[in-house]
Structure formats: C-alpha cells, structure tokens
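> sharing a sequence plus its predicted fold:
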Amino acid sequence: YRYVDTYLASMNRFRAMQVDRLLTSHYPVYHGAGVAEFLAESRAYVDRVDQALLDALAGASTPPTMRELCTTLGPKLGEWPAEASIYLVNPFQSHLERLVQYGTVKTGRRDGLMTYQLA
C-alpha cells in the first residue's frame, strides 16, 4: 500500500459491508470469518509499521534515511528475502508522511538524502 489512510478506509468499508468473500491482489481468496481475520491482521500490520518506525527513530544515533529504515526494519516486519526489504519504501513513505503531518516526526538531510527523526 502507498497511502495509509486510503488503505485503512478501504478496510473499514469492507468490514462495514460484511462481505463473505474477499479477493486480493497478493493473497488467496478469503471466505466467511477469514475475511474479518485478514482485515484485522492487515490493520494490525499498519499499527506494527507505525510503531516499528517510531521505535527505530527513537533508537537511532543519527537520523536514518529511507533505505536505512527499510534495511533495518524489513526483517522485523516480515519473512521475506533481505533484498526485498527495499519494497517497503512505499508504505514507509506513507507512514512517515503521516507522522510528519501529525508533528511526531520531522525530516532533515544528510549527504543529499532525506532523513527522519522524532520531532
């Protein structure tokens, strides 16, 4: 996902519709109670990403770049090959944009690259 708020709104709409079947792009077809379980798991993942980013920023000795966050947090957020962690860039970008908007995180620059730190 690229836009956290849109992603969450979509989950809320599906939950409110009480659909019996959910077809996704990357996962199997979900039926019955499996739909609610998938939506709950997806919501929990969004919360885990927010918390992982905040924890990483709180523990960083210098403000990290996006690549550094992807490399550090990839293995903590999923079971995929290390080289796939860079694909977290889209959800991380969205989470960090929201955290900046909320005043929780601020951006900076290091060697021409954007960095992130707690505000």
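Nice, I can see it.

> helices along this structure, start to end?
Taking DSSP state H, the helices of the chain run over residues 4-17, 33-59, 66-77, 89-101.

> in stretch 75-94, what's buried?
77, 85, 88, 91-92, 94 (16 or more other C-beta atoms under 10 Å). For glycine as for every other residue, the C-beta is placed from the backbone atoms N, C-alpha and C.

> ends of it, how far apart?
19 Å (C-alpha to C-alpha, to the nearest Å).

> so what touches it?
1-4, 7, 45, 48-49, 52-53, 66-67, 69-71, 73-74 (C-beta atoms under 8 Å, 6 or more residues apart in numbering).

> ok, back up a step: just the closest of the buried residues of stretch 75-94 to V29, please.
Among these, P91 lies closest to V29 (C-beta to C-beta), at 23.1 Å.

> tell me the confidence at the closest one?
Predicted confidence (pLDDT) for P91: 97.

> related to what we said a few turns ago, closest one of the buried residues of stretch 75-94 to L39?
Nearest to L39 among the buried residues of stretch 75-94, with distances taken as C-beta to C-beta, is P91, at 16.6 Å.

> separation between that closest one and R2?
Using C-beta to C-beta, to the nearest Å, P91 is found at 7 Å from R2.

> next: D20.
28 Å.

> follow-up on the earlier one: next, format the helices of the chain as CSV and append distance to R109.
Below are the helices of the chain laid out as CSV (distance: least, C-beta to C-beta, whole Å):
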stretch, distance to R109
helix 4-17, 24
helix 33-59, 16
helix 66-77, 12
helix 89-101, 14
